[in-house]
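>>> Sequence and predicted structure below; questions after.
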Amino acid sequence: MPQHDDTTPNQTMTAAPLRSVLFMPASNPRAMAKARTLPCDAIALDLEDAVAPEAKVDAREQLIGAVRDGGFGHRRLIARINAPGTPWHDDDLAALAHAPIDAVLVPKIDAAADIAALSAAMDAAGYPAPVALWVMIETPRAVLAIERIAAMAGTTRLRGLMLGLNDLAKDTGMVQAAGRAAFLPVLVQVLLAARSHGLIVLDGVCNAIDDADRLHAECTQARDLGYDGKTLIHPAQIDVANAVFTPDPAALAQARAVVAAFADPANAGKGAIRVDGRMTELLHRDMAAKLIAMADAIAARDLGAL
């Protein structure tokens, strides 16, 4: 079984990088095979939007077979099942209970009660304790209930939130223009709820597959807002997401300087010191330590992939 420990409630950063989470249709064996060679941090094997109704049962079996065959290396394995209330949901949830995955991703949830029901269903189906519940935030009701949804992390398997801006645009009429100004309130609200309850939080997909500049802008916006990474729909988007969400060398050097300064015996017991001409407090040390930990995790992963 996978050994990843995503997060625990009140933990504010992921234990391992999730810069790039690539959706792959579980109905396409060639795509799943290719996923084993791609430099993304996670694969979201999809039984929902990417799979036609007549192919869903076969796709479920192909997904289970692929993850049991292994070979995905460091990549976290996420299975997006069909939404509650669809003809396939219950069978998806039951069938994946003993598959070697890291998380089940559930779309179209609306309320905290949905989280409680899904987590209880996973327990009843016999999912191992480390397998997490992630949910899509893609309906108006979910956005309005986001704090109550995120708070379920304290009592359920909930460990991750993933934005679904395409469905939210469809249901609201909000326009996904460059810059995503209409969605900024949603991006901030979901981020704050996730961080308040120690959850992974991932940005929605960029539909413009051939527009690297727009993808870069969306990744930068999400990174600067505090998101852990970006969900992707094409392998060509992986390098941009990885680059943007990898700590900048200059920022990393500054972080190491801050941590070293507070570790200096001459600064023992001080709550604020001067580092490179800047007033620096303990909270800056803590932020720096998190940045260093992420950079070290990425470097270790890259070394292991050689």
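Nice, I can see it.
>>> Quick one: neighbours of residue 281, just the number.
Residue 281 sits with 14 neighbouring residues when counted by other C-beta atoms under 10 Å. C-beta: built from backbone N, CA, C; applies to glycine.
>>> Which parts of the stretch 1-150 of the chain are helices?
With helices called from DSSP state H, counting those that start in this stretch, the stretch 1-150 of the chain shows them at 29-35, 56-69, 89-95, 112-125, 140-144, 146-150.
>>> Which neighbouring elements make contact with the fourth one?
Counting by 3 or more C-beta pairs under 8 Å, 6 or more residues apart in numbering; DSSP states H and E, the packing neighbours recorded for helix 112-125 are helix 89-95, strand 103-106, strand 132-137, helix 146-150.
>>> do the third one as well
For helix 89-95, the elements it packs on are helix 56-69, helix 112-125, judged by 3+ C-beta pairs under 8 Å, 6+ apart.
>>> Kindly present those as a markdown table, with separate columns for distance to residue 145, mean neighbour count and mean pLDDT.
Compiled in a markdown table, the helices and strands packed on helix 89-95 are given as follows (distance: least, C-beta to C-beta, whole Å; neighbours: other C-beta atoms under 10 Å; pLDDT from 0 to 100):
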| stretch | distance to residue 145 | mean neighbour count | mean pLDDT |
| --- | --- | --- | --- |
| helix 56-69 | 28 | 18 | 97 |
| helix 112-125 | 6 | 17 | 98 |
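>>> can I get those in CSV with distance to residue 200?
Formatted as CSV, the helices and strands packed on helix 89-95 follow (distance: least, C-beta to C-beta, whole Å):
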stretch, distance to residue 200
helix 56-69, 20
helix 112-125, 14
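>>> Of the helices of the stretch 1-150 of the chain, which is nearest residue 184?
helix 140-144 (12.6 Å; C-beta to C-beta).
>>> Format the CA atom coordinates belonging to that closest one as PDB.
C-alpha atoms of helix 140-144 as PDB (Å, rounded to 0.1, in the frame of the first residue of the first chain):
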ATOM      1  CA  PRO A 140     -22.300  27.200  -5.400                       C
ATOM      2  CA  ARG A 141     -23.500  25.300  -2.300                       C
ATOM      3  CA  ALA A 142     -20.100  24.000  -1.600                       C
ATOM      4  CA  VAL A 143     -18.500  27.400  -1.800                       C
ATOM      5  CA  LEU A 144     -21.100  28.800   0.500                       C
END
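>>> buried sites along it?
Applying a neighbour-count criterion of 16 or more other C-beta atoms under 10 Å, the buried positions in helix 140-144 are 142-143.
>>> same deal with stretch 26-40?
For stretch 26-40, the neighbour count (16+ other C-beta under 10 Å) marks 26-28, 31-32, 35, 38-40 as buried.
>>> One more: stretch 150-161?
For stretch 150-161, the buried set under the neighbour-count rule, 16+ other C-beta under 10 Å, comprises 150-153, 156-161.
>>> Just the ones in helices from those residues, please.
residue 150 (DSSP state H).
>>> if we take the buried residues of stretch 150-161, which one ends up nearest to residue 50?
Using C-beta to C-beta, residue 160 comes nearest to residue 50 of the buried residues of stretch 150-161, at 19.3 Å.
>>> pLDDT weak spots in the chain?
Counting by pLDDT under 70, the chain contains low-confidence ranges at 1-15, 304-306.
>>> Spatially central residue in it, please.
By C-alpha atoms, centre = their mean, the mean C-alpha position of the chain lies nearest to residue 202, the distance being 4.1 Å.
>>> State the helix or strand in which it lies.
Using DSSP states H and E, residue 202 falls within strand 200-203.
>>> Restricting to C-alpha, output that strand in PDB.
Output in PDB follows, covering the C-alpha atoms of strand 200-203 (Å, rounded to 0.1, in the frame of the first residue of the first chain):
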ATOM      1  CA  ILE A 200      -4.300  20.100   1.100                       C
ATOM      2  CA  VAL A 201      -5.800  22.700  -1.400                       C
ATOM      3  CA  LEU A 202      -5.300  22.500  -5.100                       C
ATOM      4  CA  ASP A 203      -6.200  25.000  -7.900                       C
END
